[in-house]
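S.K.: Quick one, structure for this:
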Amino acid sequence: MSTGMSPSHFLPWLDPITQHMPTWFQQGGSVMWLLLLLSLITNVVILERLFFWFVYRLQKERFLIQECFAALVRQEKTAALIVCQSLPTPALTMLKESINLLPSSPKERISFAQKAQINLLSKGQKLLRSALFISPILGLSGALLILTQSFELFSHQQIHDTSIIIASVAQALIPLTTSIGILLLTLIPQQIFRSLLIKQTLHLENIRHQFNDICLQHHLVQTPVENPVKEKQTKEVETKPVSEQQEMPYHYEFSDETDEVNVAIHEQSEEIKRVPHAAIAKMYNQEISLVDVQTYEQAKKLQ
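M.R.: The predicted model follows:
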């Protein structure tokens with residue numbers, strides 16, 4: 001007895017195709033079509049990535065990178081570019097884009113090129129990770145749909161045969177088992193591709209550091225020339241005392257023990273005037289009093 005939900009409930013045009021499918025596929029319900037579609041997509045991505053990494057492993061990139069660095073050491077930019085154009089591998093492509101910028105500093109450009117190559121290497125990883133989450137959800141949904149339909153049928157027809165109940169439970173496990181199989185077949189390649197991506201990322205990082213070191217050691221990058229006159233003036237201003245930078249003819253030195261203020265007049269003059277705090281306070285009080293009297297007289301005239 002088949003209690004599974006037939007695909008005709010949702011897609012009637014699939015009935016002729018479903019009749020030619022295996023019995024276990026028909027018993028799995030309409031969710032089996034979604035699992036089949038997910039399986040096809042993941043298999044295409046996995047095969048494409050396997051082919052990519054297989055071809056990449058066959059290429060002798062290491063020797064070309066050494067030739068490129070040797071040409072840069074000899075300061076032969078054209079020869080280094082020719083070597084980088086031999087193979088379209090991620091490392092050589094990153095070096096080619098950076099060498100084109102010489103003698104300008106390629107630090108920002110090589111970092112950007114490294115990120116772009118890593119994004120190309122991680123192609124398909126997001127889809128495989130999504131399949132790892134979608135597959136068990138579809139399997140569980142298909143199992144629940146079959147169990148719900150079976151229990152409704154049992155309640156209406158009042159079936160008490162345990163063999164029929166066991167058969168319906170086994171039928172509900174078909175989409176769940178299929179989803180677990182898809183998950184395992186996707187998880188193993190996804191982890192392999194992830195480990196390869198991590199190794200390649202470290203490889204590109206190492207090449208980037210080597211390229212920057214060669215550019216600095218062999219003067220392949222032009223450094224901006226500073227104006228010597230301006231730099232000298234800046235240093236002179238920084239070494240001058242505060243009083244001279246602000247064009248002040250003197251500076252003050254306060255002494256807490258003797259209650260005096262020392263006034264030093266430039267370096268050319270040895271004269272030091274000692275003025276007590278009381279004299280300065282008295283001078284300010286006199287000036288303030290004079291200002292108050294003048295303000296009062298002006299206000300009186302206006303009245």
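S.K.: mind listing the helices for this protein?
M.R.: For the chain, the helices defined by DSSP state H occupy 15-19, 23-27, 31-58, 61-73, 77-84, 90-99, 107-121, 125-157, 162-217, 228-239, 242-245, 277-302.
S.K.: Could you dump those into TSV and include mean pLDDT and mean neighbour count?
M.R.: C-beta coordinates here come from the backbone N, C-alpha and C atoms, glycine included. Listed next are these as TSV, based on pLDDT from 0 to 100; neighbours: other CB atoms under 10 Å:
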stretch	mean pLDDT	mean neighbour count
helix 15-19	68	11
helix 23-27	82	16
helix 31-58	92	16
helix 61-73	90	17
helix 77-84	90	18
helix 90-99	89	22
helix 107-121	88	16
helix 125-157	87	16
helix 162-217	90	16
helix 228-239	52	10
helix 242-245	44	13
helix 277-302	55	10
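S.K.: residues touching residue 35, list them.
M.R.: 28, 135, 138, 139, 142, 175, 178, 179, 182 (CB atoms under 8 Å, 6 or more residues apart in numbering).
S.K.: With residue 131 instead?
M.R.: Per CB under 8 Å, 6+ apart, neighbours of residue 131: 38, 41, 42, 182, 183, 186.
S.K.: Which two among those are spaced furthest apart?
M.R.: 41 and 183 (13.9 Å; CB to CB).
S.K.: Was I right to think residue 90 contacts residue 119?
M.R.: No. Under the criterion of CB atoms under 8 Å, residue 90 is not in contact with residue 119, lying 10.2 Å apart.
S.K.: Quickly note the distance from residue 19 to residue 112.
M.R.: 56 Å (CB to CB, to the nearest Å).
S.K.: Same question for residue 106.
M.R.: Residue 106 is 10 Å from residue 112, by CB to CB.
S.K.: Could you do residue 97 as well?
M.R.: 8 Å.
S.K.: Over to residue 24?
M.R.: Taken as CB to CB, the span from residue 24 to residue 112 is 51 Å.
S.K.: Could you do residue 123 as well?
M.R.: To residue 112, residue 123 is 18 Å away according to CB to CB.
S.K.: Same check on residue 68?
M.R.: From residue 68 to residue 112 the distance is 19 Å (CB to CB).
S.K.: Residue 49 now?
M.R.: The separation that residue 49 has from residue 112, given CB to CB, amounts to 24 Å.
S.K.: same check, this time on residue 167
M.R.: 61 Å.
S.K.: cool, and residue 78?
M.R.: 23 Å.
S.K.: go on, residue 76?
M.R.: 25 Å.
S.K.: cool, residue 190 as well?
M.R.: 27 Å.
S.K.: could you redo the contacts of residue 35 as TSV and give each row distance to residue 198?
M.R.: Putting those into TSV (distance: CB to CB, whole Å) gives the following:
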residue	distance to residue 198
28	37
135	24
138	30
139	30
142	35
175	34
178	31
179	28
182	25
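S.K.: Report the two of those separated the most.
M.R.: 28 and 135 (13.7 Å).
S.K.: Confirm for me that residue 106 is in contact with residue 98.
M.R.: Yes. Between residue 106 and residue 98 there is a contact under CB under 8 Å: 4.1 Å.
S.K.: Which residues are in contact with each of the two?
M.R.: With CB under 8 Å, 6+ apart as the test, residue 106 and residue 98 both reach residue 211.
S.K.: Enumerate every residue touching the nearest residue to residue 215 once chain neighbours are set aside.
M.R.: Take residue 215 and drop its neighbours on the chain: the residue closest to it by CB to CB, 6 or more residues apart in numbering is residue 221, 4.8 Å away. By CB under 8 Å, 6+ apart, the contact set of residue 221 is 102, 103, 104, 105, 106, 215.
S.K.: Now with 6 Å, please.
M.R.: The neighbourhood of residue 221, defined by CB atoms under 6 Å, 6 or more residues apart in numbering, consists of 103, 105, 215.
S.K.: swap in residue 117?
M.R.: So, once contact is read as CB under 6 Å, 6+ apart, residue 117 ends up touching 90, 94.
S.K.: For residue 154, see how far away it is.
M.R.: Separation of residue 117 from residue 154 (CB to CB) stands at 59 Å.
S.K.: Kindly report the same for residue 164.
M.R.: With CB to CB as the criterion, residue 164 and residue 154 are 8 Å apart.
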